[in-house]
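Enquirer: Dropping a prediction and its sequence here:
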Amino acid sequence: MKILGLSNCADTIIGDELRRGISGGQKKRTTLGEMLVGRARCFFMDDISTGLDSSTTFEIMTFLGQMAHLMDLTMVISLLQPSPEILELFDDIILLCEGDIVYHGARQNVIDFFNNIGFTCPSRKNVADFLQEVTLKKYQKQYWSGDVSEYQNHTIENFVNCFKAYDLPQSLEDKQCKNYDIEQGKDKFQAYNNPGISKWNVFRACLSREVLLFKRNCPVHMFKAIQIIFLAFVIATLFLRTETSPDTVFDGVKYLGALFMGIAVINFNSMIELAMTTKRLPIFYKQRESLALPGWAVVCSVFLISLPISLMESSLWTFPTYYAIGYAPSPIRLFQQLLVFFAMHQMSLGLYRFLATIGRTPIVSNILGTQALVAIFILGGFIISKDDLQPWLSWGYWASPFTYALNALALNEYLDKRWAKEFHFENAKTIGEAILKVRGLLGEWQWYWICVVVLFGFALIFNILSILALEFLNSPYKHQGNIKSQGRQSLEYDDQVIVGGKASTDQASIPFQPLCFVFKKINYFVDMPKEMKKYGATETRLQLLRDVSGSFRPGVLTALMGITGAGKTTLLDVLAGRKTGGYIEGTINIGGYQKQQDACSRITGYCEQTDIHSPHLTVYESLLFSAYLRLPSYVKPYQRDMFVEEIMELVELNSLRNAMVGIPGVTGLSAEQRKRLTIAVELVASPSIMFMDEPTTGLDARAAAIVLHTVRKLVDTGRTIVCTIHQPNIYLFESFDELLLMKQGGQLIYSGSLGSLSRNLTKYFEVIPGVPRIKDGQNPASWVLDISSHVMECTIGVDYVQIYQNSNLYKENMALVDELSKPNTNQEDLQFTSKYWRDTKTQCMTCIWKQYCSYRKNSELNIFRFLNTFAISIMFGVVFWQIGSTIKVEQDVFNILGIGYGSALFLGFMNCNSLQPVVAMERVVFYREKASGMYSSMAFVIGQVAAEIPYIVIQPLIFSAIVYPMVGFQMTFEKFIWFVMYMILSFMDYTLYGMMAVALTPSPEIAAGLSFLIFMIWNFFSGFIITRKAMPMWWRWMYWADPAAWTLYGLVSSQLGDHTELIRVLGQPDQPVMKFLEEYLGLE
């Protein structure tokens, strides 16, 4: 950790898109460290310098070289923009171009190889840049050392042939074959395959990690605990013992409803395991490949950690409800009920863990989980009695874990002596036995223990299946490769194309207002992390920026540099108004006036360090969407389209026009292509001020040169641009006009012009006593990062901050800040008549277009959505086959009520559950786009809702067309239309609620938990578990506020409201269906 520079953030969480954590460079070093601590003998490292400054990269590469030499390791490292100092650390070089190896040999021989062909590297040219450019037709001619008239373009095929004819490959191959001892290699391989870590130690490591993650996930577990306590309170007061008695069959059925709801709550509270497991799978797949992490160690650790969680949640449900509802007054039966709930909770966790490991993506896992839930729910013996199932479906009844939980709880309750009141019904002699008989439940006590054992058996089987899935299933996403255009991509660059000021055509010129950006005494604080308080930090706030002042001017290209973790990204976020937390002090002026964030968003662009885009849009659609909402309304459509085309040409995205953006690091565009898209999305807004956070990170030297060449052109048109940059070569660095240099701790140590050949910069630091002078040909960017490091500062015993603040340069900068903070006489404050460039209608229509394109291309969501709809429809039709065609006894009415109950709740909940991962992914994009002033929150919501409308209509229609005739409802057009209408409205309620849950919560896991909570509330008060008339008076208002209750009311009333035939009611005289619905169920 010391070598990688991670000691200062050792106790900081990694973080993600929605959770603040370590910086991008620190994440890259963490990934590298994770691989190095293993026992691998061969390392393949892809662009490990991304996000790191040149000084840190040099230290890491030096360490890797020492490891390779001293430990006899094999290392292959790809680098995009290596400095000369870093390149010299390598022994061999592989030069790859368009899939062919152009050179593979010793580093010191590579220049000689190209000299023999006729190409020479200039004296001040970075060798790495020369190697990347000499193979390109665009740049090749400038390196030709022979007579210009004799020059001919060397294609990749020519270079490959020259390399094969070169004497180096043969000698290298012979040396490798002669010096390699095969037997010795076998011994090493066998020794390596005999792991030194025992299975027990692997298990201990996994268990300790699970304990740590449990502590980190405390908010989720606290939410689950609060949720189950709240639901227990609701159920306890809904079935309060003062409102029920064990004297009648009617009251007994109410107790059975409370027991079934307990099973449902325990099961639903476990569904969050789907989101938590799915989120961890990519990490497991990586560690399985690189560290040989076995699946059994992970599952066993998770299982052990889940035992106290299951006990806690089961207790939080059982103890508050048992006495309040008035179950059998026996301590033994209390703990027997707790045992059933504990077993049910373990079974549920195992089930959803298994489904997540086979689904492997959030969408598929949620759909599989919902499908399994519906199946075990409706086949559990409560919604439809076992005796009313088709004989050939009895296997489904016995395969449902709900069956065993319900039977065990019912036996534990109804075989108590308080239910022993004499009551004769068929073979039953007591009220308790009659209730079990009527509901088709088991009636002998020994079945209680059998059911408990079966539940634990289910839990064991599901965990074993999870282990097998982790061992044998691979990640659903293939390793990413670059998306290539058809044929060879043209690498020509048109110097005549200029963006914004003098475009290639006058029609595409987008006017803008040159503006100065000034900031003074900027301080930024965050709440002190708990981890730092553990190690003695007494302050309440941690300061990340300290008295930072400066100015950015039109026509001046400013670089913001500093070692990794110096606060560069933090400063840009504060200046651009992207920080939503923390405490900001200081003043910021734009054009001499106090900064107003709404106006600032209109005239600024911000290329974030992380490339956030909608994954299911194409490159062209992403740019068009940004241009449509961020360009002024007076820009004509053909000008907008031409401008987008020019930007695509500038950043070389034409060949990727129809390529899907995809998920970062998984599908779609590569990191380099994604970075260019991020830049293009901001460029199409034609901003006056641009903040670019590491715009060249992830790009090779040629692509970085193209990007900065484009940026330079933008600056020359009068725009104000500032870029954070890590490892620029000499030419890229000297294309900047000014430099802001920061040291660790968020303090400024230099702010001024670079000067010709960076002389102003070098002159400033070289006069400081002890600072080593720059070497001839050395990159000034690398040099200044080396001398400004904390180690160098301590070595020479100086304080760069104090030196800068006492310098004349600082005084000049502060005078300039004061001057630019005052408005010019002819300049007015930025005033806009509206908050956004486009009106509300245009925002909404554009967001609808975007969401429509995104949904249409999301094949995973669409395929599984409709497959699940068909599956649930067929399942309902089969389970409730012709139930509605015969109504003779009260149970027939309950079965039809079960059809309405299942239809009202499960199809909508399935869509809600499967939609949430998609909405959560789009929410991250929404935060970026809203911060850019593209559209309002209302437009985003309208776009998402409008995109769902076709699904809201089509899915209920499919469900109704399949289920309605299969269950045997009366085939009249009017009743069918009523059925369809209620299904569509119910489906809409759940869809909109699912979106709202994601918007209200900080993470998908909490959103899933909140969805389950509200779903259970709607379940309780739907009128099926307990009828409206049986509810206590203080809860009846909730019945009328429950969307599921209205749906159930409408479905049952429209189908049975006109039936006058008599039905047999247990313990009462026969009565018409209409009267039974009104008196018992409260349905008029």
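Expert: Perfect, I can see it now.

Enquirer: Ignoring the adjacent residues along the chain, who's closest to I962?
Expert: Among residues not flanking I962 along the chain, S873 sits closest, at 3.8 Å (C-beta to C-beta, 6 or more residues apart in numbering). Where you see a C-beta, it was placed from the backbone N, CA and C, and this is true even at glycine.

Enquirer: need the contact list for the one you found.
Expert: Under the criterion of C-beta atoms under 8 Å, 6 or more residues apart in numbering, the contact list for S873 reads I958, F959, I962, V963.

Enquirer: Tell me how far the first one lies from V980.
Expert: Distance of I958 to V980, computed by C-beta to C-beta, to the nearest Å: 10 Å.

Enquirer: what does the last one give?
Expert: V963 sits 11 Å away from V980 when distances are taken as C-beta to C-beta.

Enquirer: Just want to know which of those two has more residues nearby.
Expert: V963 (24 against 17; other C-beta atoms under 10 Å).

Enquirer: Would you mind listing the buried residues in the helix or strand hosting that one?
Expert: Assigned by DSSP states H and E, V963 falls within helix 937-967. Under the neighbour-count criterion of 16 or more other C-beta atoms under 10 Å, helix 937-967 has 939-948, 951-952, 955-956, 958-960, 962-964, 966-967 buried.

Enquirer: list the helices and strands the lengthiest helix in the chain packs on?
Expert: Longest helix in the chain, counting residues (DSSP state H): helix 890-931. Contacts defined by 3 or more C-beta pairs under 8 Å, 6 or more residues apart in numbering; DSSP states H and E place helix 890-931 against helix 362-378, helix 859-879, helix 937-967, helix 973-1000, helix 1004-1020, helix 1043-1056, strand 1062-1063, helix 1073-1076.

Enquirer: Adding distance to T720 and mean pLDDT as columns, could you present these in JSON lines?
Expert: Shown next, in JSON lines, are the helices and strands packed on helix 890-931 (distance: least, C-beta to C-beta, whole Å; pLDDT from 0 to 100):
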{"stretch": "helix 362-378", "distance to T720": "41", "mean pLDDT": "84"}
{"stretch": "helix 859-879", "distance to T720": "42", "mean pLDDT": "85"}
{"stretch": "helix 937-967", "distance to T720": "29", "mean pLDDT": "90"}
{"stretch": "helix 973-1000", "distance to T720": "35", "mean pLDDT": "90"}
{"stretch": "helix 1004-1020", "distance to T720": "38", "mean pLDDT": "83"}
{"stretch": "helix 1043-1056", "distance to T720": "52", "mean pLDDT": "85"}
{"stretch": "strand 1062-1063", "distance to T720": "80", "mean pLDDT": "76"}
{"stretch": "helix 1073-1076", "distance to T720": "76", "mean pLDDT": "75"}
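
Enquirer: Put together JSON lines for the ones you listed, with distance to N895 on each row.
Expert: Output for those, formatted as JSON lines (distance: least, C-beta to C-beta, whole Å):
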{"stretch": "helix 362-378", "distance to N895": "11"}
{"stretch": "helix 859-879", "distance to N895": "10"}
{"stretch": "helix 937-967", "distance to N895": "9"}
{"stretch": "helix 973-1000", "distance to N895": "16"}
{"stretch": "helix 1004-1020", "distance to N895": "18"}
{"stretch": "helix 1043-1056", "distance to N895": "11"}
{"stretch": "strand 1062-1063", "distance to N895": "12"}
{"stretch": "helix 1073-1076", "distance to N895": "13"}
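
Enquirer: do you know which of those lies nearest I305?
Expert: With distances scored as C-beta to C-beta, the stretch of the helices and strands packed on helix 890-931 nearest to I305 is helix 1004-1020 (15.8 Å).

Enquirer: and that closest one, what other elements does it pack with?
Expert: Using 3+ C-beta pairs under 8 Å, 6+ apart: helix 1004-1020 touches helix 218-238, helix 249-269, helix 272-291, helix 890-931, helix 973-1000, helix 1043-1056.

Enquirer: Now that we have those helices, can you turn them into TSV and tack on distance to E444?
Expert: Shown next, in TSV, are the helices and strands packed on helix 1004-1020 (distance: least, C-beta to C-beta, whole Å):
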stretch	distance to E444
helix 218-238	28
helix 249-269	18
helix 272-291	34
helix 890-931	22
helix 973-1000	40
helix 1043-1056	34
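
Enquirer: Out of those, the one nearest P554 is which?
Expert: Comparing the helices and strands packed on helix 1004-1020 under C-beta to C-beta, the one sitting nearest is helix 890-931, at 23.1 Å.

Enquirer: by how many degrees do the closest one and helix 973-1000 diverge?
Expert: 40 degrees (axes from the mean of the first three to the mean of the last three C-alpha atoms, to 10 degrees).

Enquirer: angle of helix 890-931 against helix 249-269?
Expert: Using the same axes, to 10 degrees: helix 890-931 against helix 249-269 is 30 degrees.

Enquirer: could you give the angle of helix 890-931 to helix 859-879?
Expert: 170 degrees.

Enquirer: Could I get the average pLDDT for helix 890-931?
Expert: Mean per-residue pLDDT for helix 890-931: 82.

Enquirer: chain center to it, what's the gap?
Expert: Averaging C-alpha positions (C-alpha atoms, centre = their mean, to the nearest Å) puts helix 890-931 20 Å from its chain's average.

Enquirer: Same question for stretch 824-837.
Expert: The answer for stretch 824-837 is 37 Å, by C-alpha atoms, centre = their mean.

Enquirer: Could you number the chain from 195 rather than 1 from now on?
Expert: Taking 195 as the first residue, the last one we looked at is stretch 1018-1031.

Enquirer: Run through who's touching that stretch.
Expert: Here stretch 1018-1031 has contacts from 784-787, 790, 792-793, 796-797, 823-827, 1017, 1037, 1127-1130, using C-beta under 8 Å, 6+ apart.

Enquirer: what about dumping the CA coordinates of that stretch to CSV?
Expert: Backbone C-alpha positions of stretch 1018-1031 (Å, rounded to 0.1, in the frame of the first residue of the first chain) are rendered in CSV as follows:
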residue,chain,number,x,y,z
ASN,A,1018,-16.8,45.8,-17.7
THR,A,1019,-18.7,49.0,-18.4
ASN,A,1020,-20.3,47.5,-21.6
GLN,A,1021,-20.9,44.0,-20.1
GLU,A,1022,-24.2,43.0,-18.5
ASP,A,1023,-24.9,40.3,-16.0
LEU,A,1024,-26.0,36.9,-17.5
GLN,A,1025,-29.8,37.1,-17.6
PHE,A,1026,-32.1,34.5,-19.1
THR,A,1027,-35.8,34.6,-19.3
SER,A,1028,-36.1,30.9,-18.5
LYS,A,1029,-34.1,28.4,-16.6
TYR,A,1030,-33.5,26.2,-19.7
TRP,A,1031,-32.7,26.8,-23.3
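
Enquirer: How about it, which residues are buried there?
Expert: Buried, per 16+ other C-beta under 10 Å, within stretch 1018-1031: L1024, Y1030, W1031.

Enquirer: Going by distance to E404, which of the residues you listed wins?
Expert: For those, the nearest to E404 is Y1030 (46.8 Å; C-beta to C-beta).

Enquirer: Look up how far E1123 lies from that closest one.
Expert: 11 Å.

Enquirer: Check A770 too.
Expert: Distance from A770 to E1123, by C-beta to C-beta: 14 Å.

Enquirer: That'll do, ta.
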